[in-house]
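next comes the sequence, and after it the predicted model I'd like to discuss.
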Amino acid sequence: MNFAPLPKLSIPAPLIGAEKGSFTEFTVTQRMPDIARRIVKENNFPSDINDKLENLANELVSGDVQPLQPDTGADFSTWQKYLEPYQGQRWIDIPWFFAETYFYRLILNITNYFNPGQWEGVDPFALQKERGLESSLDAIATLSSQVEKWLNSSIETEMSPELSNHKALIALLYFDLWGNRVDLSLWSALGDENRAEFDIDTQQGHILVDDSEQVANLLTKLQSGRVDFIVDNAGFELICDLCLVDFILSSGLVSQAKLHLKPHPTFVSDATIKDVLHTIDLLANSNKGEIASSGQRLQRHLGSEKLILTDNYFWTSPLAAWEISDPLKNELGEAELIIVKGDANYRRLLGDRHWNYSTDIADIVCYLPSPMIALRTLKSEVAAGIPTDVIAKLNQTDPNWLTNGQWGVVQLVMGNG
Ligand SMILES: O=P(O)(O)OC[C@H]1O[C@](O)(CO)[C@@H](O)[C@@H]1O
């Protein structure tokens with residue numbers, strides 16, 4: 001397969017926490033310490049673990065990066081290598097993407113997630129994930145009954161199957177985009193009372209680049225083949241992913257869907273294989289008919305291996321997406337379309353660098369072997385492919401447009417596969 005291994009342009013500097021007044025600074029010095037302290041409140045860890053979490057919270061502000069204590073994680077020695085260039089440096093001086101991914105790996109190291117004993121495999125974010133799922137139950141019912149209608153709509157409305165699938169796909173792509181607004185790492189910072197402010201009514205007006213038509217065309221023409229999802233959050237976003245998966249598989253638009261998941265808890269709400277299985281189980285056992293049908297269809301797709309769940313330590317690593325290993329790149333090359341979800345995965349695509357926001361995204365993301373669609377609400381000062389007039393207008397009307405989670409992109413890059 002012939003594709004460029006690197007962005008076509010020279011690679012700019014990474015975002016770092018020491019950039020005064022930036023959202024990156026706010027995250028490293030305030031949001032991340034809050035997240036560490038919230039773990040103490042929401043779990044029953046013993047005092048030595050809680051003390052270490054409190055130390056971590058304090059040292060983020062101006063202290064140095066601390067090493068990992070030996071643990072049995074399969075990625076332990078790889079992390080030792082990733083850490084080498086940053087030892088003795090302050091959290092705020094190292095690349096933000098490294099700081100954030102390492103922070104979450106360090107939390108698991110501190111809480112003995114990888115060590116045999118009482119805390120082995122205990123997800124420190126379990127409570128937040130569970131609450132996220134519970135608070136989405138009404139939305140889940142609405143969405144699943146809508147999927148059911150879409151699956152039957154060419155029969156009920158006499159619309160051509162191609163047209164009705166096309167309409168359903170556009171709507172599901174929008175849901176899947178806005179489902180990403182609701183991520184728990186931002187919720188931690190906002191507090192409970194602000195959650196109601198997330199609304200999905202103003203969908204189209206807030207999409208800065210919208211390639212959903214092209215994606216729907218691509219998907220309706222496939223009729224077989226595989227679509228891969230680089231999954232982001234558990235909870236409502238995962239439900240939106242699963243509704244899209246259910247629709248493309250149950251309507252026969254594609255023959256397989258593969259979900260790429262995190263091998264361990266990270267970024268508070270990111271989904272693991274366990275989270276997906278738990279969510280599908282919850283749907284299948286719901287006492288609401290339409291939710292249960294959707295869950296049961298997904299269970300059947302799992303059973304027949306039309307739906308595949310996989311994880312890889314690349315997705316929790318500090319690496320840019322162009323540093324992906326050959327086996328994983330070849331695996332993605334088997335897909336007809338790769339759907340990349342969320343802000344952190346988008347930051348990985350762009351290497352979390354200071355690109356000019358109007359840079360053609362295809363000149364950066366030219367290293368993937370298959371067409372890729374990014375569904376991302378903006379939550380960080382990283383972007384590409386936004387028209388200059390749109391940027392100028394947003395700078396006037398909404399100075400926090402890059403980070404307030406109110407704006408989204410549906411960006412397609414056709415790839416070289
Ligand atoms: O769940 P998502 O969309 O990846 O968002 C999480 C990301 O957003 C942020 O909250 C802001 O960039 C990061 O801390 C993290 O990269």
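Structure's in. What do you need?

show me what contacts residue 14?
Neighbouring residues of residue 14 by C-beta atoms under 8 Å, 6 or more residues apart in numbering: 95-98, 351-354. All C-beta spots, glycine's among them, are computed from the backbone N, C-alpha and C.

can you tell me which of these are in strands?
Here DSSP state E is the test, and the contacts of residue 14 give no hits in strands at all.

for those, which two are the farthest from each other?
98 and 354 (15.1 Å; C-beta to C-beta).

who has more neighbours, these two?
Each of residue 98 and residue 354 has its neighbours counted (other C-beta atoms under 10 Å); residue 98 has more, 21 against 16.

I'd assumed residue 317 was in contact with the more buried one.
No: Residue 98 is beyond contact range of residue 317, at 9.5 Å (criterion: C-beta atoms under 8 Å).

any shared contact partners between those two?
residue 82.

kindly check the end-to-end length of stretch 313-330 for me.
16 Å (C-alpha to C-alpha, to the nearest Å).

oh, I was asking about stretch 63-78
23 Å.

which stretches of the stretch 251-400 of the chain form strands?
256-261, 307-311, 337-341, 372-377 (DSSP state E, counting those that start in this stretch).

quick one: contacts for residue 102?
Residue 102 sits next to 65, 79, 82-83, 318 when contact means C-beta under 8 Å, 6+ apart.

from those residues, which is closest to the ligand?
Within the contacts of residue 102, the smallest distance to the ligand is 12.2 Å, found for residue 318 (C-beta to the nearest ligand atom).

gap between the residue lying closest to residue 40 once chain neighbours are set aside and residue 125?
Leaving aside its chain neighbours, residue 40 sits nearest to residue 50 (4.7 Å; criterion: C-beta to C-beta, 6 or more residues apart in numbering). Distance from residue 50 to residue 125, counting by C-beta to C-beta, to the nearest Å: 16 Å.

of these two, which one has the most company?
Remark: of residue 50 and residue 125, residue 125 carries more neighbours, 25 against 19, as counted by other C-beta under 10 Å.

let me see the contact set for the more buried one.
Residue 125 touches 39, 184, 265, 268-269, counting by C-beta under 8 Å, 6+ apart.

try it again at 7 Å.
Counting by C-beta atoms under 7 Å, 6 or more residues apart in numbering, residue 125 touches 265, 268-269.

what sits up against the biggest helix by length in the chain?
Counting by DSSP state H, the longest helix found in the chain is helix 137-157. The list of residues contacting helix 137-157 from outside it, by C-beta under 7 Å, 6+ apart, reads 159-161, 164, 168, 175, 236, 239, 243, 246-247, 250-251, 288, 290-291, 293-294.

tell me, which of the residues you listed make contact with the ligand?
The subset of the contacts of helix 137-157 lying close to the ligand, counting by C-beta under 6 Å from any ligand atom, is empty.

which among those end up buried?
164, 168, 175, 236, 239, 243, 246-247, 250-251, 290-291, 293-294 (16 or more other C-beta atoms under 10 Å).

just flag the most distant two among those.
Across the buried ones among the contacts of helix 137-157 (C-beta to C-beta), the longest gap, 25.1 Å, separates 164 and 236.

wait, doesn't residue 357 sit right on residue 388?
No: Residue 357 is not in contact with residue 388 according to C-beta atoms under 7 Å; the separation is 8.5 Å.

neighbour count: these two, which is higher?
Neighbour count, other C-beta under 10 Å: between residue 357 and residue 388, residue 357 has more, with 20 against 10.

tell me the contacts of that one?
Counting by C-beta under 7 Å, 6+ apart, residue 357 has contacts 383-384, 386, 391.

same check, this time on residue 377
Contacts of residue 377 (C-beta under 7 Å, 6+ apart): 177-178, 180-181, 343, 405, 407-408.

ChimeraX command to pick out the buried ones of those residues?
Here is the ChimeraX selection string for the buried members of the contacts of residue 377, based on 16+ other C-beta under 10 Å:
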select :177,178,180,181,343,405,407,408
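
thought residue 295 was touching residue 280?
Yes: when contacts are counted by C-beta under 7 Å, residue 295 is listed as touching residue 280 (5.6 Å).

could you export the contacts of residue 14 as a markdown table, including distance to the ligand and pLDDT?
Shown next, in a markdown table, are the contacts of residue 14 (distance: C-beta to the nearest ligand atom, whole Å; pLDDT from 0 to 100):
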| residue | distance to the ligand | pLDDT |
| --- | --- | --- |
| 95 | 13 | 98 |
| 96 | 8 | 98 |
| 97 | 8 | 98 |
| 98 | 12 | 98 |
| 351 | 13 | 98 |
| 352 | 9 | 98 |
| 353 | 14 | 98 |
| 354 | 14 | 98 |
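
for those, pick the one with the most neighbours.
Busiest of the contacts of residue 14 [other C-beta under 10 Å] is residue 96, holding 27 neighbours.

what about that one, distance to residue 265?
20 Å.

again with residue 293
30 Å.

what of residue 93?
Residue 93 is 26 Å from residue 265, by C-beta to C-beta.

these two: which has the busier surroundings?
Per other C-beta under 10 Å, whichever of residue 93 and residue 265 has more neighbours is residue 265, with 26 against 15.

how about the nearest residue to that one, chain neighbours excluded?
According to C-beta to C-beta, 6+ apart, the nearest residue to residue 265 is residue 123 (4.6 Å).

please identify the helix or strand for the one you found.
According to DSSP states H and E, residue 123 maps onto no helix or strand at all.

surely residue 378 meets residue 398?
No: applying C-beta under 7 Å, one finds residue 378 not in contact with residue 398, separated by 10.6 Å.

looking at these two, which has the bigger crowd around it?
Neighbour totals were compared for residue 378 and residue 398, and residue 378 leads with 26 against 13 (other C-beta under 10 Å).

please report how far the closest residue to the more buried one other than its chain neighbours lies from residue 66.
Leaving aside its sequence neighbours, residue 378 sits nearest to residue 407 (C-beta to C-beta, 6+ apart; 4.9 Å). The gap separating residue 407 from residue 66 is 36 Å, by C-beta to C-beta.

quick check, residue 61 in a strand?
No: with DSSP: H, G, I helix; E, B strand; the rest coil as the criterion, residue 61 is located in helix rather than a strand.
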